[in-house]
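A.B. asks: structure, please.
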Amino acid sequence: MIGDTTYDIQMALAAQVGAIGVSWGNHPAAELKAAGAHRLVDRLEDVLHAARDLTTPALTP
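C.D. replies: Sure, this is the predicted structure:
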């Protein structure tokens with residue numbers, strides 16, 4: 001879930017999916033982090049990278 005409000009982050013956490021907060025929206029980045037965002041991004045170019053980080057399974061040896 002990608003969102004710009006604490007409500008978006010709370011919804012993602014309730015749905016048990018990754019939560020990416022974007023700092024250029026309605027709620028400040030600090031509030032998104034406090035709400036539990038897994039990642040915060042400041043630029044549109046970083047959204048895809050953050051989404052890949054959250055959805056790519058970690059490699060196990």
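
A.B. asks: any low-confidence regions in this structure?
C.D. replies: 58-61 (pLDDT under 70).

A.B. asks: where along it do the strands fall?
C.D. replies: 2-3, 20-22, 39-41 (DSSP state E).

A.B. asks: mind putting these in a markdown table, mean neighbour count and distance to residue 30 included?
C.D. replies: The way it works is simple: take the backbone N, C-alpha and C, and place the C-beta from them, glycine included. Output for these, formatted as a markdown table (neighbours: other C-beta atoms under 10 Å; distance: least, C-beta to C-beta, whole Å):
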| stretch | mean neighbour count | distance to residue 30 |
| --- | --- | --- |
| strand 2-3 | 19 | 15 |
| strand 20-22 | 26 | 10 |
| strand 39-41 | 19 | 9 |
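
A.B. asks: ok, residue 24 to residue 57 distance?
C.D. replies: Note on residue 24: its distance to residue 57, by C-beta to C-beta, to the nearest Å, is 29 Å.

A.B. asks: those two: which has the busier surroundings?
C.D. replies: Comparing residue 24 with residue 57 by other C-beta atoms under 10 Å, the one with more neighbours is residue 24, at 10 against 5.

A.B. asks: from memory that one sits against residue 2, does it?
C.D. replies: No - if you go by C-beta atoms under 8 Å, residue 24 and residue 2 don't touch, sitting 11.9 Å apart.

A.B. asks: ok, now which ones touch the residue nearest the centre of the chain?
C.D. replies: Centroid-nearest residue in the chain, with C-alpha atoms, centre = their mean: residue 20, separated by 1.0 Å. Counting by C-beta atoms under 8 Å, 6 or more residues apart in numbering, residue 20 touches 1-3, 37-41, 47, 50-51, 54.

A.B. asks: and residue 37, by the same measure?
C.D. replies: If you count contacts by C-beta under 8 Å, 6+ apart, residue 37 has them with 9, 19-21.

A.B. asks: what's the burial count for the residue nearest to residue 6 when sequence neighbours are not counted?
C.D. replies: The spatially closest residue to residue 6, leaving aside those adjacent along the chain, is residue 35, at 4.1 Å (C-beta to C-beta, 6 or more residues apart in numbering). Residue 35 has 19 neighbouring residues, counting by other C-beta under 10 Å.
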